[in-house]
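Student: next one to model:
(one chain, ligands or ions: 1)
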Amino acid sequence: MADTVMTVTGPISADDLGYTLPHEHLFLDLMRDNWSGDNYLNDPELAYQELMLYKEAGGVSLVDQTSGGLTSNDQYMLPVKHPIAVRELSERTGLNIILGCGWYRETYYEPHLWRMKTDEIAEEIEREVTHGIDGTDVRAGLIGEIGAHFTWISPIEERVLRAAGRAQKRTGVTLTTHATRGPLGLDQLDILEEEGVDLHRVVIGHPQSHADFEYHAEIARRGAWISFDNMGVVEEAVPYEQEKLLKQVKDIVDAGLIGQLLFSHDVCYRHMYKAYGGHGYDYVPTRLLPRLQEIGMTEDQLLQIMVDNPRRALTGTAHA
Ligand SMILES: [Zn+2]
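Tutor: Okay, the predicted model is just below:
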C-alpha cells in the first residue's frame, strides 16, 4: 500500500508529492517578537501570487509549519479561520499544502496551556491531526513546528514537546521542531526519545543556525532529519553568511548524510516575498543550483533533497 500524506484538502499518495518545500509559512503573525509589521503575513492575494511563482518553477507541494500561537490573531488578520484560509490557497493554487499543528514556542503560547496536563495537550494535538484544527475539518498532516525560545527548553516548552511526542506516537505523523539558539535540537531529541518517539520521524528545524558540523552529524546519527530551512539566505545575505551556509551543506554531503538533509526557505517576513524584493518561495528551484554546483553538488542531488527526502521525511520511509 502506498503511503499517504494528509494535505489541507485531504489525503494524497506520497508518490504525488513531487517537488516539496518542507518548511514555509503562508499566513503568520510573529509580532510577539517585535511590532514591526514586516513579520505579519496576512494577504491572501499576495500569498497566492508568491506561491504561483513557486508552482511555475515546478513546485508541487509545500509544508506550512505555522503552528499554534502564530495565528492567534487570525480573527484580525484573515477573513476566515487560518486553516480555512490555507485550504482556500491550496484550492486556488493547485499546490498540495500540508499544514502543521501544536504550539510554536513559549512566547507564543496561550495562557490555558499552563493549566493543562501534558496528556491533555497531547490529546489536543492528536485531535488536530485526526479531526481538524481550531474547530475546522482541516486536518494537520504533521506536528510542528514545536520550538524553544531561548538557549534552553523551558519547563512549559518541555511539556508541550513531550505532548507532541505522545501525539506523534498515537497518530504516526512526522514531528518537526524549531531550535535556533545553540545545539538545542539534541536536547529535543533526548526528550522525544524518552517519550518513545522513533527519531526517524523527527525533523530538527533550523540547525544551520548553529554552524557546527558535529551538531548536524549527531542529529543524523541519531536518525533524525537536518532541515536547512533558510536556503534563501544564500541569495540575500552577506558573502560571509552565504559561504558559511554552503560550507555546512558541503560538509553534510561529503559525510554521506545527504539522505537526511532538507532544504526550504522559511518565508516568514514580508521582506522575503518577491513583491518586496526578497527571494520568495522559488529561490531553491530557480536559482540555488548554480551555488550548489560551486561546492560540487549536482542537479540530481538537489532533486534528491527536494523530492525524495521530503517524501521520506513525511512518511517515515526508511533512510536510503
Ligand atoms: Zn518556521
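
Student: all strands of the stretch 201-320 of the chain, in order?
Tutor: Under the criterion DSSP state E, counting those that start in this stretch, the stretch 201-320 of the chain contains strands at 202-205, 225-228, 261-263.

Student: not counting the first one itself, show me its contacts.
Tutor: Residues outside strand 202-205 that contact it (C-beta atoms under 8 Å, 6 or more residues apart in numbering): 22-23, 65, 144-145, 147, 168, 174-179, 185, 188-189, 192, 219, 223-227, 229, 262, 313. The way it works is simple: take the backbone N, C-alpha and C, and place the C-beta from them, glycine included.

Student: report the contact partners of the closest residue to Leu51 other than its chain neighbours.
Tutor: Among residues not flanking Leu51 along the chain, Thr93 sits closest, at 4.9 Å (C-beta to C-beta, 6 or more residues apart in numbering). For Thr93, the contact set (C-beta under 8 Å, 6+ apart) comprises Tyr48, Leu51, Met52, Lys55.

Student: check which helix or strand the third one maps to.
Tutor: When you say that, I think you mean Met52. helix 44-56 (DSSP states H and E).

Student: can you tell me the strand partners of the next helix or strand after that helix and which way each runs?
Tutor: Following helix 44-56 in sequence order, the next helix or strand is strand 61-64 (DSSP H and E). According to DSSP bridges, strand 61-64 forms sheet pairs with strand 20-24 (parallel), strand 96-99 (parallel).

Student: now mean pLDDT and distance to the ion too, for those strands, in CSV please.
Tutor: Putting the strands paired with strand 61-64 into CSV (pLDDT from 0 to 100; distance: least, C-beta to the ion, whole Å) gives the following:
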stretch, mean pLDDT, distance to the ion
strand 20-24, 98, 6
strand 96-99, 98, 13
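
Student: let me know which of these is tucked in deepest.
Tutor: Greatest average neighbour count among the strands paired with strand 61-64 goes to strand 20-24 (a mean of 27), per mean count of other C-beta atoms under 10 Å.

Student: can I get the CA coordinates of that one in PDB?
Tutor: C-alpha atoms of strand 20-24 as PDB (Å, rounded to 0.1, in the frame of the first residue of the first chain):
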ATOM      1  CA  THR A  20       8.300  19.800  -1.900                       C
ATOM      2  CA  LEU A  21       9.300  22.800   0.200                       C
ATOM      3  CA  PRO A  22       9.300  21.200   3.800                       C
ATOM      4  CA  HIS A  23       9.300  24.400   5.900                       C
ATOM      5  CA  GLU A  24       7.400  27.500   4.900                       C
END
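
Student: how about the helices in the stretch 51-200 of the chain?
Tutor: Using DSSP state H, counting those that start in this stretch, the helices of the stretch 51-200 of the chain run over 74-77, 82-93, 118-130, 155-171, 184-194.

Student: tell me, how many residues neighbour the nearest residue to Glu241 once chain neighbours are set aside?
Tutor: Nearest in space to Glu241, with sequence neighbours left out and distances taken as C-beta to C-beta, 6+ apart, is Val233 at 5.9 Å. By other C-beta atoms under 10 Å, 19 other residues sit near Val233.

Student: likewise Trp35?
Tutor: Around Trp35 there are 8 residues (other C-beta under 10 Å).

Student: touching, Gly144 and Asp64? I think so.
Tutor: No: here Gly144 lies out of contact with Asp64, judged by C-beta atoms under 8 Å, at a distance of 10.4 Å.

Student: what touches both of these two?
Tutor: Joint contacts of Gly144 and Asp64 (C-beta under 8 Å, 6+ apart) are Gly100.

Student: contact residues of the stretch 1-150 of the chain facing the ion?
Tutor: Contacts of the stretch 1-150 of the chain with the ion, taken as C-beta under 5 Å from the ion, map to Gln65.
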